[in-house]
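*Asks:* take this sequence and fold it.
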Amino acid sequence: MINKILVPVDGSETSLQAAETAIGIAKQNQAKVTLLSVVVQHTSNTLFGGVVPRAQAVLETQDALKKLMESDRKGYTKILDKLVQKFEENQIPVEKVIREGVASEEILAQSEEGKYDLIVIGNRGLSKTEKFFLGSVSERIVRRAKCSVLVVKQ
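*Replies:* As a prediction, the model looks like this:
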């Protein structure tokens, strides 16, 4: 039985399709849904690639990164608010969560902490080159999640 569904949302078309799919599953199972977005935490170390920059450059970069994260958080809040309305219109209990960190790690942490029965996630269809260097968030979730995972493709 599916009682709790986790839906990671990044604003991509497939993540929005995953949310739509979750509506149907939640209705059939009278399940509760959590919509999750992850704000990526960037650091000046990742930007400078091991090169020791001037102190002023580090301060300016840290300020820019903080503003970028704030902007991302506002953007995710708007996306999640719109989705919450759709779930509420369908009389599905829903909550929204925004976490900070590495997307796959935060999704897995949320799924374990919340003891979800199902993760419904979109697959963005990364190119072969991107998969080689970055891997796919949905692939990592499928491999490591302790609950069932439904990957929604475009």
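*Asks:* pretty sure I5 sits in a strand.
*Replies:* Yes. Checked against DSSP: H, G, I helix; E, B strand; the rest coil, I5 lies within a strand.
*Asks:* from memory it sits against Q30, does it?
*Replies:* No. Here I5 does not reach Q30: they are 11.1 Å apart, not a contact under CB atoms under 8 Å. (C-beta placed from N, C-alpha, C; glycine too.)
*Asks:* the more surrounded of the two?
*Replies:* Legend: neighbour count by other CB atoms under 10 Å for I5 and Q30, higher for I5 (26 against 12).
*Asks:* what separation do you get for the more buried one and Q62?
*Replies:* 37 Å (CB to CB, to the nearest Å).
*Asks:* same deal with L118?
*Replies:* Distance from L118 to Q62, by CB to CB: 38 Å.
*Asks:* pick out whichever of those two has more residues nearby.
*Replies:* More crowded of L118 and Q62, by other CB under 10 Å: L118, with 23 against 14.
*Asks:* quick check: bridge partners of that one?
*Replies:* When bridges are called by DSSP bridges, L118 pairs up with I5, S148.
*Asks:* and it, what does it touch?
*Replies:* L118 sits next to I2, K4, I5, L6, I25, A31, C147, S148, V149, L150 when contact means CB atoms under 8 Å, 6 or more residues apart in numbering.
*Asks:* tell me how many other residues surround R140.
*Replies:* Neighbour tally, R140, other CB under 10 Å: 16.
*Asks:* cool, the one 10 residues further on as well?
*Replies:* Using other CB under 10 Å, L150 is surrounded by 15 other residues.
*Asks:* the residue nearest to it when sequence neighbours are not counted: helix or strand, and which one exactly?
*Replies:* In this structure, L150 finds its nearest non-sequential neighbour in V120, 4.8 Å apart by CB to CB, 6 or more residues apart in numbering. V120 belongs to strand 118-122 when assigned by DSSP states H and E.
*Asks:* got the phi and psi for the residue lying closest to A103 once chain neighbours are set aside?
*Replies:* Spatially, and ignoring its direct neighbours in sequence, A103 is nearest to V38 (4.4 Å; CB to CB, 6+ apart). Per-residue torsions, V38: phi -120, psi 120 (degrees, to the nearest 10).
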